[in-house]
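Novice: okay, predicted coordinates and the sequence, questions at the end:
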Amino acid sequence: MWRHILKHLAAGGLCVGILIAIVLVCLDTWYLERFLPQTQLAGTNLANLTVDQAMEKINDELEPSDLIVILSSPQATSSALGSDLGLAFDHKQVLNQHLFELKQKPILTRISLIVRAWNKPTHLPTKLRLNQRLTQAWVDNFAQTVDQPGSFPQALLGSTNSPSTLEISPGKIGRVLSIEKTTAQVLAQVSSHTGRAVDPNTNNRSGQTATTQIVQSAIFISDGLVLTPQEVLEARVKTNQLVGRTIKFSLDQPYIDMAFSDKEIISILALPTGFNQPELQALTQGKVEPYNQPPQDAIFEYDPDTLAVTQFEPDRPGIEIDSELLASAIIGEVEQILALPADTIIPSEDKVVNLELPHSSTPPKIPLANTNRLGIDELIGVGRSLYAHSIPSRIHNVAHATTLMSGTLVPPGEEFSFNKTIGPVTRATGFKPAWVIKRGRTVLGDGGGVCQVSTTLFRAVLDTGLDVTLRLPHSYRVGYYEQNVKPGIDATVYTGNTDFRFINDTTHHILIFGQADSENLEMYFEIYGTSDGRHTKIVDHKNWGSIPAPPAQYIDDPSLPSGVVKQIEHSVPGLKTEFTNVIYDKYDNEVRRETFESNYIPWAAKYLVGTG
């Protein structure tokens, strides 16, 4: 009998045990996504709530209190309210982290925590966070008051090709606040603050307003570099090797002539060794940007009967200059120069390095050859000139005469006349008074500057290899025509037979296209036609017979107030020049030679002396 009773009791206990186990497993499943009994955050009961439900309750019941963040340095301190830095509780991260950690525990451990939770409350910490952008702005503002920036050694050249103006700054050590590191530390320190901040409107036991303070020391890094006296001396010797040097990069079509002067080259050095990459990048990009261009389609409209050109735009390939290769080429050339012994003597003509400009090219969709049947297919010659220091009226006349000349068509076998093409040079035709050479004197006359245009066209004709039939030099040397070439490559024009002429000795029409840049004071003429393969080279350029300029001349001028002296002409020594333009065919056989002579008389400086 007793055995029977004990057997039933044992069976009943097993059922109860199974029932309890099932209940505990169900509770564990329930609390996988919910907070245990008596779970609290800042006094708010979260028992049996999901994360979303808990966040809703927290947002309804909790008001974030403020705190003070203090940034300190040996020089100064700065404080800011957390609310001004975007202070907020990061409750959701705390809640998710708490549930995640519970899920990672073994099931028996979780069940044990569930059972004990009814008797032992769980207090979750608060977690604060600041807005990174607002905090960084505050740190940046503080940096401006405490930074003691240093400087890096630098070489500066005051005037190009002038060793006496070379200066070596040795640099200076300084300290600057690391905005990135300091901001990260402030954010991390606030984020790790776990006690609930005291509301500033709540009084503590002493009756004073209590606000949690978080103090962070500003993080500083060294700035700048200082050369020793010996390093300064070595830097001066090394840098002096670059004085007078020029690195040029060029293209023929489209024409690009990009020069880096000794001042610019020296400015990119990072002393005591290496290169200042940001400075180099800024320098090269500033040079490159004006030349990068999309491809340009050709436009050519003309009257086939009169050969009057109404619109002309040559085709231009699209150009994209490779700035990285350009910078590398500059570094390579500078390193070669600096590797030379300091006492190496370099001839002046070797101080300019000429390199091809690294670039990629995109052809136009409409080439020039597709626009006409006159044989105006391609560029066959170019001439260029500079005219810095010209007076405004001369600049106007150069641009006006270039416009009149541009678009001129010359049929095969015909002789071109500059005077006939440009027409009368008077105020009535749009020209202004500027300095001209007339009867051995420099006087104001209509069209001063037109010779800049004839000279530039003369150079284009030389490059093309056309047959020059009339060219006359100026009476004396004019500085405008020697700004980019040797003396003697000029052509004067005036009324009558003081003209510039050539014959189109090709088998197709040629077209003259020119542009004058009145801002940079440079101009060019391009000659388009059909190339027969001819090419040219200027050889045997000679200068001799230099004669000093005569004494200055002073001329009384009653139109000027007494005592006023005004220079109207500069002294120029006399000189004889000669050069030969050799024309070759496509097989490099010499076709003919044209020799051009100039006999420039010496010229005295002239001053007007006021007598009025």
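Specialist: Arrived safely. Numbering: from 1, shown residues only.
Novice: quick one, phi/psi of residue 378?
Specialist: phi -160, psi 170 (degrees, to the nearest 10).
Novice: so where's the longest strand in this structure?
Specialist: strand 535-547 (DSSP state E).
Novice: helices or strands up against that strand?
Specialist: Strand 535-547 sits against helix 450-464, strand 574-584, with contacts defined as 3 or more C-beta pairs under 8 Å, 6 or more residues apart in numbering; DSSP states H and E. Just so you know, the C-beta spots here come from the backbone N, C-alpha and C atoms, and that holds for glycine as well.
Novice: now mean neighbour count, mean pLDDT and distance to residue 116 too, for these, in JSON lines please.
Specialist: Shown next, in JSON lines, are those (neighbours: other C-beta atoms under 10 Å; pLDDT from 0 to 100; distance: least, C-beta to C-beta, whole Å):
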{"stretch": "helix 450-464", "mean neighbour count": "26", "mean pLDDT": "97", "distance to residue 116": "99"}
{"stretch": "strand 574-584", "mean neighbour count": "18", "mean pLDDT": "97", "distance to residue 116": "104"}
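Novice: the ones you listed: which one's closest to residue 507?
Specialist: Among those, the nearest to residue 507 by C-beta to C-beta is helix 450-464 (13.9 Å).
Novice: what inclination does that closest one have with respect to strand 574-584?
Specialist: Orientation check (axes from the mean of the first three to the mean of the last three C-alpha atoms, to 10 degrees): helix 450-464 against strand 574-584 gives 40 degrees.
Novice: and helix 450-464, C-alpha only, in CSV?
Specialist: Extracted in CSV, the C-alpha atoms of helix 450-464 (Å, rounded to 0.1, in the frame of the first residue of the first chain):
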residue,chain,number,x,y,z
VAL,A,450,50.1,98.7,-86.3
CYS,A,451,53.7,97.6,-86.9
GLN,A,452,53.2,95.1,-84.0
VAL,A,453,50.7,93.4,-86.3
SER,A,454,52.9,93.5,-89.4
THR,A,455,55.8,92.2,-87.4
THR,A,456,53.8,89.3,-86.0
LEU,A,457,52.5,88.4,-89.5
PHE,A,458,56.0,88.5,-90.8
ARG,A,459,57.0,85.9,-88.2
ALA,A,460,54.1,83.7,-89.2
VAL,A,461,55.1,83.9,-92.9
LEU,A,462,58.7,83.0,-92.0
ASP,A,463,57.4,79.9,-90.1
THR,A,464,55.1,79.0,-93.0
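Novice: helices of the stretch 1-150 of the chain, residue ranges please.
Specialist: With DSSP state H, counting those that start in this stretch, the ranges of helices along the stretch 1-150 of the chain come out as 2-31, 51-61, 91-103, 107-117, 132-146.
Novice: any chance of the ones you listed in CSV, plus mean pLDDT, mean neighbour count and distance to residue 292?
Specialist: Listed next are the helices of the stretch 1-150 of the chain as CSV, based on pLDDT from 0 to 100; neighbours: other C-beta atoms under 10 Å; distance: least, C-beta to C-beta, whole Å:
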stretch, mean pLDDT, mean neighbour count, distance to residue 292
helix 2-31, 66, 11, 66
helix 51-61, 78, 15, 54
helix 91-103, 79, 15, 49
helix 107-117, 79, 14, 67
helix 132-146, 94, 17, 35
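Novice: ok, which of those comes nearest residue 326?
Specialist: helix 132-146 (34.4 Å).
Novice: any idea how far the closest one is from the chain center?
Specialist: Averaging C-alpha positions (C-alpha atoms, centre = their mean, to the nearest Å) puts helix 132-146 29 Å from its chain's average.
Novice: tell me the gap between the helix or strand following it and the middle of its chain.
Specialist: Using DSSP states H and E, the next helix or strand after helix 132-146 towards the C-terminus is strand 154-157. Centroid displacement of strand 154-157 relative to its chain, using C-alpha atoms, centre = their mean, is 20 Å.
Novice: which strands and helices sit next to strand 154-157?
Specialist: strand 166-169, helix 262-267.
Novice: tell me what the shortest one is packed against?
Specialist: Here strand 166-169 is seen to pack against strand 154-157, helix 229-240 when contacts are counted using 3+ C-beta pairs under 8 Å, 6+ apart.
Novice: avg pLDDT for it?
Specialist: Strand 166-169 shows a mean pLDDT of 95 in the predicted model.
Novice: and it, which strands flank it?
Specialist: Strand 166-169 pairs in its sheet with strand 154-157 (antiparallel), by DSSP bridges.
Novice: okay if I get the helices of the stretch 1-150 of the chain as TSV plus distance to residue 305?
Specialist: Shown next, in TSV, are these (distance: least, C-beta to C-beta, whole Å):
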stretch	distance to residue 305
helix 2-31	99
helix 51-61	87
helix 91-103	85
helix 107-117	102
helix 132-146	71
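Novice: identify whichever of these lies nearest to residue 126.
Specialist: helix 91-103 (7.2 Å).
Novice: how far off centre is that closest one?
Specialist: The answer for helix 91-103 is 51 Å, by C-alpha atoms, centre = their mean.
Novice: quick one: which of the helices and strands packed on strand 154-157 is nearest residue 254?
Specialist: Nearest of these (C-beta to C-beta): helix 262-267, 22.9 Å.
Novice: show me what the next helix or strand after the closest one is packed up against.
Specialist: Using DSSP H and E, the helix or strand that follows helix 262-267 in sequence is helix 277-288. Applying 3+ C-beta pairs under 8 Å, 6+ apart, one finds that helix 277-288 makes contact with strand 256-260, helix 262-267, helix 323-338.
Novice: now with 6 Å?
Specialist: Contacts defined by 3 or more C-beta pairs under 6 Å, 6 or more residues apart in numbering; DSSP states H and E place helix 277-288 against helix 323-338.
Novice: and the angle for the helix it packs on with helix 277-288?
Specialist: Using the same axes, to 10 degrees: helix 323-338 against helix 277-288 is 110 degrees.
Novice: counting by contacts, list what helix 323-338 packs against.
Specialist: Helix 323-338 packs on helix 277-288, going by 3+ C-beta pairs under 6 Å, 6+ apart.
Novice: shaky segments in this protein?
Specialist: Residues of the chain that meet the criterion pLDDT under 70 lie in 1-14, 17, 62-65, 194-211, 435-446.
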